[in-house]
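Enquirer: let's see this in three dimensions:
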Amino acid sequence: MTDLQVRKIRFAFADYPVPFNWNPSDPAFSLAANVLSFLFLAIEKMINATVHEALPTITDPEIADEALAFVRQEGQHSMAHRQHAKALIKAYPALRETLDEIMAVYDDLTATTSVKYRLAYIADLEATFTPTFTMMLNNADTLFAPGDDRVASLFLWHFVEEIEHRSSALIIYDAVVGDPWYRMRIAPRVFGHGQAVLVKAADSFNSRIPLEERKVDAMSIFGSELWKAALTKWVPSLQKYRPFAPSELGPTYRLYSHIPIREQVAVAYGVLRSQLPGHNPAKQKLPPLAAQWLARYDAGYDVSRWYSAGNQTSRG
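Expert: Sure thing, here's the model as predicted:
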């Protein structure tokens, strides 16, 4: 039987406005997290549809239980991110179109691709989360702690549970498809698709959120503008060419600028290794904050206010 726990956690997004730049000390990361809230809604809907479509072909009852627990956890994440997105849309109604556009991309993926492909897509994507989210949790003091506690607590919970169910998507894929080479072969297509959706979302945020609110060019999250800025610093004459012209959409900031490059390189290596046949997510080193979060939750700590709940010891 699965040992995944479905935790129903609600955050006070409706109680008072949610700032777009929810961590003023790191506007690039704030924007990236907002993009993720929108993206997670679409991906988790696709996960739910795909896993339920595959369930009748899973003959092992323990794996079937794992699959159901996996989608139930993802369903809780979706409900919470929807409340975050709803709060942002309330402040910036044009973002409803952004969310609809992203949802449409993954609805189309669900409608036009095979279960085999989508299970591989999910397994490829989920495999990257442990190295990526471990880095974020290991740097929570700067990425999350200075920001709005509701948004910070939402992402801490989500990232901890993604690490908790780090093996689920691969277990389901192996039970239904069982071809590790296929998963590896389509990885470039999967990440190309995901990158295109991120670019679409960032471009939408640039056009629909005033610069005084977002603070940065949303394309900062990809680093391309920074490379252009560095190149034109050495060769100023390039600025006369449109591809190298300074961004008119705001200043650019490097995502994870305070995180040592060696940590970021380790994440890149972990992501690459996660796509190889034989990868076992269960063997990955886990961040101390994940264990602390799970222990505090079990002890009754109010994890919906991770940084402001103080010494509360009961949920009430």
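
Enquirer: so where's the protein uncertain?
Expert: 1-2, 223-249, 311-316 (pLDDT under 70).

Enquirer: so what's the residue count around Asp149?
Expert: Neighbours of Asp149 under the rule other CB atoms under 10 Å: 19. C-beta: built from backbone N, CA, C; applies to glycine.

Enquirer: which ones are touching it?
Expert: Residues near Asp149 by CB atoms under 8 Å, 6 or more residues apart in numbering: Arg305, Trp306, Tyr307, Ser308.

Enquirer: the most centrally placed residue in the chain: which element?
Expert: In the chain, the centroid-proximal residue (CA atoms, centre = their mean) is Leu36; its distance is 4.8 Å. Using DSSP states H and E, Leu36 sits in helix 27-54.

Enquirer: likewise Val160?
Expert: In the assignment (DSSP H and E), Val160 maps to helix 149-164.

Enquirer: now do Gln264
Expert: Assessed by DSSP H and E, Gln264 sits inside helix 261-274.

Enquirer: tell me the angle the helix or strand that that helix is followed by makes with helix 149-164.
Expert: Sequence order places helix 288-298 as the next helix or strand after helix 261-274, per DSSP H and E. Angle, helix 288-298 to helix 149-164, by axes from the mean of the first three to the mean of the last three CA atoms, to 10 degrees: 110 degrees.

Enquirer: for the helix or strand where Gln83 lies, which positions count as buried?
Expert: Using DSSP H and E, Gln83 sits in helix 61-91. Neighbour counts over helix 61-91 (16 or more other CB atoms under 10 Å) mark 63-64, 66-74, 76-78, 80-85, 87-89 as buried.

Enquirer: equivalent analysis for stretch 168-183, please.
Expert: 168-177, 180, 182-183.

Enquirer: same check, this time on stretch 114-123
Expert: Val115, Lys116, Tyr117, Arg118, Leu119, Ala120, Tyr121, Ile122, Ala123.

Enquirer: ok, of these, which one's closest to Arg296?
Expert: Checking these against Arg296 with CB to CB, the nearest one is Ile122 at 29.0 Å.
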